[in-house]
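> Next comes the sequence, and after it the predicted model I'd like to discuss.
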Amino acid sequence: MKLRDNFAIFSTAMAGLSLELFIWAVLRLGLDPKLNHEKFMLFGQVFLLVSCALVYLAGRYFIKPLENILNGIREYGLGRFQHHIPSSKIKELNQLAQQLNQMADRLMELDNLKNEFVANISHELRSPLAAMEGYIPLLLLDPGATPQTRENLERMQVNLARLRHLVENLLELSRIESRQAQNRPECVDIKNLTLEVRELFSLRIAEHKLKLEVLIPEEASRAYADPAKVRQILINLLDNAIKYNSPGGGIRISAEAGANLLHLAFRDTGAGIRPEHINGLFRRFQRLPPASPELAQVKGAGLGLAISRSLARMMGGDIRFESESGAGSTFILSLPLRGS
Amino acid sequence: MPKIKILLIDDEEDFHNIVRQVLAPLDYEFLSAFDGPSGLLALKKERPALVLLDVNMPFKDGYAVCRDIRSNPEFADIPVLMLTIRSSDEEIVRGLDCGADGYLAKPFEPRVLAARLANLLLRS
């Protein structure tokens, strides 16, 4: 039961008790013998109602600021530091609200500094990285390079590309978190986009001998979203479904339309995810312990799902996870069917 | 016959080095400028056949330089290829809106740069 209701019941009981005492006193002392019985009862009832209302209002007066503070703390917990707790007439509660507001301002400042720092560092890293990546093809053109040298250079190229990918992801994440990234929704043909993304991966799908099915019915092939962001999410989800699959396994992409949302499910036949690991799945830099020795080779920074979910939420959708351990993973991307 | 002149405007010395090496075996003359204003001066003096332009430069960014090139009737038909690390769709659109003829993301394959140059020069 809410504190407010507890308070109201308690106060009502107190009011009733005091009224009873009052009646008892009147009868016992016989202060007004001319007052008849019925009028006396009516007087008592009105007295009870008025006192209840007064006590209830007094309760609200005390409890409302506490509710505001509680609400504020909940908002801050969700990372919405721009929320402001309204001031209160009760001195102590007002001080508490002010202190919390100051704390939130400071947290917002720190959060912005962190985003700026990550964005600046990532930005500064891009030029030297691009220069290094630019030199390697020139070195590979050298006809005097031995096969071993070529292989070493190619490995450097792969590692630099990985580093660039990480830097790009960090930059993207800091853009989303500082709310610089903008949502530009339009009517998107999800089926076309999915087939397009499948083409990007056709080589790797063949390499891993995977079977990929796309089951998108006509009535669930359109969403109202930002095509570039959807594309990025689809790339991340399909990349994961390939990376964490077992050779010769399958991937099924299927869609269905709900009342307001389109649900696009990516189901793979990989090792799945153990229940104890599901909680941290969408956290930044979260990489799960490999389900098999082969999967220990899979490289990544653990940013793909965090970015994908932030992007999906920005567009008014979400990503959630379903799994039976040992029977593969299913990631479900939900997107708005139409603009609000 | 004089060689075809190509001007690179980029604040990063490494990219001058890389582009010079890519162009070396081809029949182009390579010209360098390290910021927007000196790039515009070189454009006036040397009359290159094509400009490679970096976006992210101090003082004056590539978008502004590109607009300056396009607003001058003398240079209006010199092809401009934006050459930059930024490659999000929005940035590409912004580059093309400023009047650039193409966009190439760094790092690039030498063969791709050579093919884009040949293509743009052929059409101009």
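Nice, thanks for sending it over.

> So what's the residue count around the closest residue to A:Arg164 other than its chain neighbours?
Excluding the flanking residues, the one nearest A:Arg164 by C-beta to C-beta, 6 or more residues apart in numbering or on different chains is A:Leu129, at 5.3 Å. To be clear about C-beta, it is placed using only N, CA and C from the backbone, and glycine gets the same treatment. A count of nearby residues for A:Leu129, using other C-beta atoms under 10 Å in any protein chain shown, gives 20.

> got the contact list for A:Leu129?
Residues near A:Leu129 by C-beta atoms under 8 Å, 6 or more residues apart in numbering or on different chains: A:160, A:163-164, A:167.

> again, only this time at 10 Å
Counting by C-beta atoms under 10 Å, 6 or more residues apart in numbering or on different chains, A:Leu129 touches A:160-161, A:163-164, A:166-168, B:85, B:106-107.

> pLDDT weak spots in chain A?
Where chain A drops to pLDDT under 70, the residues are A:1-7, A:25, A:28-36, A:39-40, A:43, A:290-299, A:324-326.

> all strands of it, in order?
A:186-189, A:211-215, A:222-225, A:250-257, A:261-268, A:318-323, A:329-336 (DSSP state E).

> Please enumerate residues in contact with the third one?
This points to strand A:222-225. Counting by C-beta under 10 Å, 6+ apart, A:183-193, A:216, A:230-231, A:233, A:255, A:257, A:261-262, A:264, A:311-312, A:314-317, A:333-340 sit against strand A:222-225.

> could you redo the last one with a cut-off of 6 Å?
Residues from elsewhere that reach strand A:222-225 (C-beta atoms under 6 Å, 6 or more residues apart in numbering or on different chains): A:185, A:187-188, A:190, A:262, A:315, A:335-336, A:338-339.

> picking that back up, can you redo the strands of chain A as JSON lines with mean neighbour count?
Formatted as JSON lines, the strands of chain A follow (neighbours: other C-beta atoms under 10 Å in any protein chain shown):
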{"stretch": "strand A:186-189", "mean neighbour count": "14"}
{"stretch": "strand A:211-215", "mean neighbour count": "13"}
{"stretch": "strand A:222-225", "mean neighbour count": "24"}
{"stretch": "strand A:250-257", "mean neighbour count": "19"}
{"stretch": "strand A:261-268", "mean neighbour count": "22"}
{"stretch": "strand A:318-323", "mean neighbour count": "17"}
{"stretch": "strand A:329-336", "mean neighbour count": "22"}
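
> To B:Leu40, which of these lies closest?
Of all these, strand A:186-189 sits nearest to B:Leu40, with 38.2 Å by C-beta to C-beta.

> Would you mind listing what in chain B touches chain A?
Taking C-beta under 6 Å from any C-beta of the partner chain as the criterion, chain B approaches chain A at residues B:12, B:14, B:18, B:21, B:85, B:89, B:106-107, B:109-110.

> List buried residues within those.
B:12, B:14, B:18, B:21, B:85, B:106-107, B:110 (16 or more other C-beta atoms under 10 Å in any protein chain shown).

> Tell me which of the residues you listed has the lowest pLDDT.
The lowest pLDDT within those belongs to B:Ile85, with 82.

> what about that one, distance to A:Ala131?
Separation of B:Ile85 from A:Ala131 (C-beta to C-beta, to the nearest Å): 10 Å.

> Repeat that for A:Phe62.
A:Phe62 is 65 Å from A:Ala131, where distance means C-beta to C-beta.

> Name the SS class of the spatially most central residue of chain B, please.
The centroid of chain B falls nearest to B:Leu52 when counting by C-alpha atoms, centre = their mean (1.0 Å). Under the three-state scheme (DSSP: H, G, I helix; E, B strand; the rest coil), B:Leu52 adopts strand.

> my read: B:Ala33 touches B:Asp11, true?
No - applying C-beta atoms under 6 Å, one finds B:Ala33 not in contact with B:Asp11, separated by 9.5 Å.

> more crowded one of these two?
Higher neighbour count among B:Ala33 and B:Asp11: B:Ala33, with 23 against 16, using other C-beta under 10 Å.

> Please report the distance of the more buried one from A:Asn192.
B:Ala33 sits at a distance of 43 Å from A:Asn192 (criterion: C-beta to C-beta).

> same question, B:Asn56
On the measure of C-beta to C-beta, B:Asn56 and A:Asn192 end up 33 Å apart.

> In terms of neighbours, single out the busier of those two.
The residue with more neighbours, out of B:Asn56 and A:Asn192, is B:Asn56; 17 against 13, by other C-beta under 10 Å.

> Am I right that that one is in a helix?
No - using three-state DSSP, the assignment for B:Asn56 is coil, not a helix.

> Quick one: residues contacting it.
Contacts of B:Asn56 (C-beta under 6 Å, 6+ apart): none.

> Tell me the pLDDT of it.
85.

> hmm, which two among the buried ones among the residues of chain B next to chain A are most spread apart?
Greatest spacing in those, by C-beta to C-beta: B:Gln21 and B:Ile85 (18.9 Å).

> Disregarding residues adjacent in the polypeptide, which is nearest to A:Pro137?
B:Pro110 (5.3 Å).

> Can you pull the phi/psi pair for that neighbour?
When read as degrees, to the nearest 10, the backbone of B:Pro110 gives phi -50, psi -40.

> hang on, isn't it packed against B:Val22?
Yes - taking contacts as C-beta under 6 Å, B:Pro110 lies within contact range of B:Val22: 4.4 Å.

> low-scoring pLDDT stretches of chain B, where are they?
B:1, B:86-88.

> for it, what spans make up the helices?
B:13-23, B:36-46, B:62-71, B:89-97, B:110-123 (DSSP state H).

> What residues does residue 76 make contact with?
I went with chain A, as the question did not name one. Contact analysis of A:Tyr76 by C-beta under 6 Å, 6+ apart lists A:Ala104.

> hmm, I had chain B in mind actually
So B:Ala76 contacts nothing (C-beta under 6 Å, 6+ apart).

> how close does it get to B:Gly99?
9 Å.

> which among the contacts of A:Leu129 gets closest to B:Ile6?
Distance to B:Ile6 across these (C-beta to C-beta) is lowest for B:Lys106, with 16.4 Å.

> Wait, that closest one touches B:Ile85, no?
Yes - counting by C-beta under 6 Å, B:Ile85 is a contact partner of B:Lys106 at 4.8 Å.
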